[in-house]
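Engineer: Need coordinates for the following:
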Amino acid sequence: MESAELLAIIRDVRERVRAANPETSAGETQIALPDLMQLVHARDAALGKVAAIGTVNPRRGGPVNWLVQTWKKLVARSLDWHVREQVEFNRKVVEALDATIEALNENNRALMRVGGLLADRRKQVEALEVTLGQLERWMQGRFEELSDIRSHWSKWRLEWEHKLAQNEIQFLRSVADLQGGFQHRVTLMDANYRDALRAQHTEFHAALDRYGIDIQKRLWDDLERIRLEYEQIIHAELRTVRQRAEIRESQRPAEGAVRPEPTPLPFDYGKFAEKFRGPEEYVKQGQRLYLPHFAGRCNVLDIGCGRGEFLETMREAGIPARGIDLSDESIATCRHKGLQAEKADLFEYLDALPEASLDGIFCAQVVEHIPSERLPEMIQLCARRLQREGAIAIETPNPECLAIFAMHFYLDPTHTRPIPPMLLTFYLEEFGIGRLEVKRLAPAVESMPPLASLPQDFRDNFFGSLDYAVLGRKL
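Structural biologist: Take a look at the predicted model:
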């Protein structure tokens, strides 16, 4: 590095140091700051020595001087490798001096800021002293006022005690007046309360007598109604017994007479039922509504068991049940499923059973196949074979729905005639079946959607349910 450049750098550093430290005290607090000029001079001297390493002292011109200078430059260049580390060390030392000077400058600036803060605090303390002086003067004035108040307190106390005595007298008079008025009011309220209580007591006894008489009247009316109903039941039972004897005598076949066997159908009736009545699962789903009616039974007969849908439903519910049917194919299907079923004519089978041997009878889609003149005989046999409180359920097409006459009823060629619900319930009542309930099944609108366009009341009365079931108990 040339000497001129080094001197220029030193001057620049000196100017920056002097610019960073314009004064030697920290504000108004007169904190003495350290003088860094000696460090700056030492640093400049070190930089001069570092710059002089490897240079040649100038001499006067001439050939001898040229030779000497050339020789010195060659020697300095040849020794450059030897002094390179020293030069680097010297430069690092100079850099350390620069860092020290900068740190001291930062310290001086921090001291200046501290001096400024101390000056601000001194000003605040002076302002506080001024405020305390004002407060002291104000308190002196208040003390003088308090002295005046103390001097007048004795006068005020006498007047206050006089006013207090007058107010106390007035207060006691007011309390005496209020007590008198309160006592009078309490006396009036007590008298009114006693009168109201006496009136309520009188009304309560009168109402109690009226309600007692009314309850007695209703009780006697209920007893009279129960007596009449009981007599009607006894009369109905006696009439049923007489009718059973008459029908049994009139319908007993002559000795040696054989009932004609039904004519076999010229087509597969099982396939017919599968197509027009529906799959087995569909039929079982519809027959599950009878489960609560037959719950707890132990000997249920399914008349016309068909493919055994009801028997399977009973087996799933744990209710013992057996079935009869005239179709060999239906009996074979039931036995293949592990169900108890046998081929038999319902009249002969029921006639052979002991009386009161069943506690449940189920008959679905059968009575419409029976000749109308033999339907009372079937109902009579069912009623005689049921135990008391035995359950019976009969399902058949509903002639109240005009839609069955359009297609459904006459679709099966083995149907004879539909049985109205009122007629079927009449037969059941005649032979000792009571607690009857008619359930409408299979709404016609589900299989015939155009019916939805009809008015609601008209559709319910004439196109309601395609089937119905009568549920009852043996009396």
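
Engineer: Could you use CA atoms for every contact and neighbour count after this?
Structural biologist: Fine.

Engineer: Low-confidence bits of this protein, can you list those?
Structural biologist: Low-confidence segments of the chain (pLDDT under 70): 1-8, 10-11, 13-36, 38, 48-62, 76-83, 231-232, 235-278, 405-413.

Engineer: Beyond the helix or strand hosting L39, next helix or strand please.
Structural biologist: If you go by DSSP states H and E, L39 is part of helix 37-52. From helix 37-52 onward toward the C-terminus, using DSSP H and E, the following helix or strand is helix 63-78.

Engineer: If you count contacts, what does the helix or strand where A191 lies end up packed against?
Structural biologist: Taking DSSP H and E as the definition, A191 sits inside helix 80-251. When contacts are defined as 3 or more C-alpha pairs under 8 Å, 6 or more residues apart in numbering; DSSP states H and E, helix 80-251 sits against strand 25-26, strand 31-32, helix 37-52.

Engineer: Show me the helices in the stretch 251-400 of the chain, by range?
Structural biologist: In chain order, the stretch 251-400 of the chain shows helices spanning 269-276, 280-287, 291-294, 309-316, 328-336, 346-352, 375-385, with DSSP state H, counting those that start in this stretch as the criterion.

Engineer: now these in TSV, with mean neighbour count?
Structural biologist: TSV is the format used below for the helices of the stretch 251-400 of the chain (neighbours: other C-alpha atoms under 10 Å):
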stretch	mean neighbour count
helix 269-276	12
helix 280-287	14
helix 291-294	15
helix 309-316	20
helix 328-336	17
helix 346-352	14
helix 375-385	21
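
Engineer: A403 is nearest to which of those helices?
Structural biologist: With distances scored as C-alpha to C-alpha, the stretch of the helices of the stretch 251-400 of the chain nearest to A403 is helix 269-276 (15.5 Å).

Engineer: Name the residues that touch stretch 142-159?
Structural biologist: If you take C-alpha atoms under 8 Å, 6 or more residues apart in numbering as the criterion, stretch 142-159 is touched by no other residue.

Engineer: ok, now stretch 318-335?
Structural biologist: Contacting residues not belonging to stretch 318-335 are listed as 270, 295-308, 311, 314-315, 339-346 [C-alpha under 8 Å, 6+ apart].

Engineer: orientation of the helix holding A191 relative to helix 63-78 in degrees?
Structural biologist: Using axes from the mean of the first three to the mean of the last three C-alpha atoms, to 10 degrees, the inter-axis angle of helix 80-251 relative to helix 63-78 is 30 degrees.

Engineer: going forward can the numbers begin at 42, since that is how I track them
Structural biologist: Understood, numbering begins at 42; the last thing we discussed is helix 121-292.

Engineer: Helix 121-292 vs helix 416-426, what angle?
Structural biologist: Using the same axes, to 10 degrees, the inter-axis angle of helix 121-292 relative to helix 416-426 is 110 degrees.

Engineer: just how off-centre is helix 121-292 within its chain?
Structural biologist: In terms of C-alpha atoms, centre = their mean, to the nearest Å, the centre of helix 121-292 is set 33 Å apart from its chain centre.

Engineer: Can you tell me how far F245 is from E357?
Structural biologist: As for F245, its distance to E357 is 61 Å (criterion: C-alpha to C-alpha, to the nearest Å).

Engineer: just to revisit the earlier point, kindly supply the ChimeraX command isolating those of the contacts of stretch 359-376 that are buried.
Structural biologist: Once 16 or more other C-alpha atoms under 10 Å is used to decide burial, the buried members of the contacts of stretch 359-376 can be selected in ChimeraX as follows:
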select :338,340,341,342,343,344,345,346,347,348,349,352,355,380,381,382,383,384,385,386,387
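
Engineer: ok, back up a step: with distance to R500 added, can I get the helices of the stretch 292-441 of the chain in JSON lines?
Structural biologist: Output for the helices of the stretch 292-441 of the chain, formatted as JSON lines (distance: least, C-alpha to C-alpha, whole Å):
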{"stretch": "helix 310-317", "distance to R500": "24"}
{"stretch": "helix 321-328", "distance to R500": "22"}
{"stretch": "helix 332-335", "distance to R500": "29"}
{"stretch": "helix 350-357", "distance to R500": "31"}
{"stretch": "helix 369-377", "distance to R500": "37"}
{"stretch": "helix 387-393", "distance to R500": "36"}
{"stretch": "helix 416-426", "distance to R500": "30"}
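
Engineer: With respect to M153, which of those lies nearest?
Structural biologist: Checking those against M153 by C-alpha to C-alpha gives helix 321-328 as the closest, at 101.7 Å.

Engineer: Check which helices and strands that closest one sits against.
Structural biologist: Other elements packing on helix 321-328 under the criterion 3+ C-alpha pairs under 8 Å, 6+ apart are helix 350-357.

Engineer: Pull the distance from the helix it packs on to the chain's centre.
Structural biologist: So, by C-alpha atoms, centre = their mean, the centroid of helix 350-357 is 39 Å from its chain's centroid.
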